[in-house]
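Engineer: this one's sequence-less:
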């Protein structure tokens, strides 16, 4: 995603954290959404459960119409469940700007949390990839750590966690450089140094 100004992407950031206060020069760095691989397990379980219900209904219910009704109701229930689970899954994401990380966390339809971490409190960013599947499909876990050991921003099923960690660290470095700009007129500049030849005491005595 290309960087854009806070005016054009303000709606995205406010959607993540309504309490955020955008600065005039705040830029969008990236938005981190979960990898689709995290939905594979839920879809596989839903398909397996539907197949099991279909087999049991045709075996235990002798009437074909009743069996089809059971399978139809089970299908509607499972599809509805998977739709809600997918929406909850995609509602967990990060938005990284030039001075902070905003995290949206949702574990159910009625459990939603938005929080924000300023780069001034960010200590480190860690990326983890464990197992064959994580390396094969390029996903893992990314976490942003603050000074408090128990205070972490963590996202599971993060695509390319190493790449996003590097982007966040680079954004933090630029943020710190903005807080502490280098002085170009420092005294270390060689052009401002003037040399003088100071005669030694022995040389001054010989001339006399």
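Structural biologist: Sure, I can see it. None of the values given here were measured: they were computed from a predicted structure. Numbers count the residues shown, from 1 in each chain.
Engineer: For the residue nearest to residue 153 when sequence neighbours are not counted, report the pLDDT, please.
Structural biologist: Leaving aside its sequence neighbours, residue 153 sits nearest to residue 144 (CB to CB, 6 or more residues apart in numbering; 4.1 Å). For glycine as for every other residue, the C-beta is placed from the backbone atoms N, C-alpha and C. pLDDT recorded at residue 144 is 92.
Engineer: for residue 144, what are its contacts?
Structural biologist: Residue 144 makes contacts with 101, 117, 122, 124-125, 152-154, 168, as judged by CB atoms under 8 Å, 6 or more residues apart in numbering.
Engineer: repeat that with 7 Å
Structural biologist: If a contact means CB atoms under 7 Å, 6 or more residues apart in numbering, then residue 144 has 101, 117, 122, 125, 152-153, 168 as its contacts.
Engineer: tell me the mean pLDDT for the biggest helix by length in the chain?
Structural biologist: Secondary structure of the chain per DSSP state H: the longest helix is helix 64-90. Per-residue pLDDT values across helix 64-90 average out to 91.
Engineer: partners of residue 94 in the sheet?
Structural biologist: Applying DSSP bridges to residue 94 gives these bridge partners: residue 32, residue 103.
Engineer: Correct me if wrong: it contacts residue 101.
Structural biologist: Yes: taking CB atoms under 7 Å as the definition, residue 94 is a contact partner of residue 101 at 5.9 Å.
Engineer: Of the contacts of residue 144, just say which sits nearest to residue 162.
Structural biologist: Of all those, residue 125 has the smallest distance to residue 162: 10.0 Å, by CB to CB.
Engineer: What helix or strand is the residue nearest to residue 153 located in?
Structural biologist: Following DSSP states H and E, one finds residue 144 within strand 139-146.
Engineer: If you count neighbours, what's buried in that strand?
Structural biologist: 139-145 (16 or more other CB atoms under 10 Å).
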